[in-house]
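In: Okay, predicted coordinates and the sequence, questions at the end:
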Amino acid sequence: MGLVRKTGIAYGSATKYLSGGTPNIENVIKISDAYGVSLDWLLTGEGPMRREDVIPLPNPGELEDFVMVPRRDVHASAGHGSLVHSEHRIVERHAFRREWFIGRMGLSEQESDLILVEGDSMFPTLSDGDMVLVDRRIQTLRGDAVYVIRIEDELRIKRVCRHLDGSLHVKSDNPVYQEQVIPPGGNGTALHIVGKVVWAGRRM
């Protein structure tokens, strides 16, 4: 496998990355070195792709320039709901440049999580298999935005807004799915805002 030969990354890890997995920071740097692509571009999808178009890259000893965000062992359904299992177990951690994560996005390393999307109800905004970054500090509605919500024991990703009469409208961006309306005072189903979706990464 070319990726293994060029980078020295273990075959099992390389296979996972080629299937859509995300490398850890050490292997991201190996890929950047082997193929001459920008570390920023690999980590965030932003900025120039080629290394020669950016300032010199950090070496592995400069990892303090990055924050490591946990991906939890839980999926949020963009369909009819995904049961919450082992929500607090960390599967892996992904690196984001500290300047982008804290300086530009204003996020908290301790109150952010990555989770995977299941289903197609938020397409084209989000697709099945996308990984989303969730700001858990936001647990109240702030305008018409996309949130991770818990309804009973199901975790969902939906667009939620509150109307003037106090009702909550839980909407999908895919028009084939119907809007759900929770009247003022609720209908026996508790809706809890887990956090706001602030970034998404997807497979190509």
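Out: Structure received.

In: Enumerate the beta-bridge partners assigned to residue 97.
Out: Beta-bridge pairing of residue 97 under DSSP bridges involves residue 66.

In: That one touches residue 41, doesn't it?
Out: No - counting by Cβ atoms under 8 Å, residue 97 does not reach residue 41; the two are 10.8 Å apart. Bear in mind the C-beta positions are built from the backbone N, C-alpha and C, glycine included.

In: what about stretch 138-152, average pLDDT?
Out: Taken as a whole, stretch 138-152 has a mean pLDDT of 87.

In: And stretch 120-127, by the same measure?
Out: Computed over stretch 120-127, the average pLDDT equals 92.

In: Also stretch 9-17?
Out: pLDDT averaged over stretch 9-17 gives 73.

In: need the longest helix for the chain.
Out: If you go by DSSP state H, the chain has its longest helix at helix 25-35.

In: list the buried ones in it?
Out: For helix 25-35, burial by neighbour count (16 or more other Cβ atoms under 10 Å) applies to 25, 27, 28, 29, 30, 31, 32, 33.

In: any idea how far residue 123 is from residue 146?
Out: 12 Å (Cβ to Cβ, to the nearest Å).

In: in this structure, which spans are strands?
Out: 66-77, 82-83, 90-97, 112-118, 131-135, 145-151, 154-162, 168-171, 180-182, 191-201 (DSSP state E).

In: Give me the residue ranges of the protein where confidence is low.
Out: 1, 3-4, 14, 17-18, 20, 40, 44-63, 77-88, 186-189, 203-204 (pLDDT under 70).

In: Mind splitting it into its structural domains?
Out: 1-57, 66-201 (automatic domain parsing).

In: Pick the most deeply packed of these.
Out: Mean neighbour count (mean count of other Cβ atoms under 10 Å) peaks for domain 66-201 among those, with a mean of 17.

In: nearest to residue 5, of the strands of the chain?
Out: strand 90-97 (24.1 Å; Cβ to Cβ).
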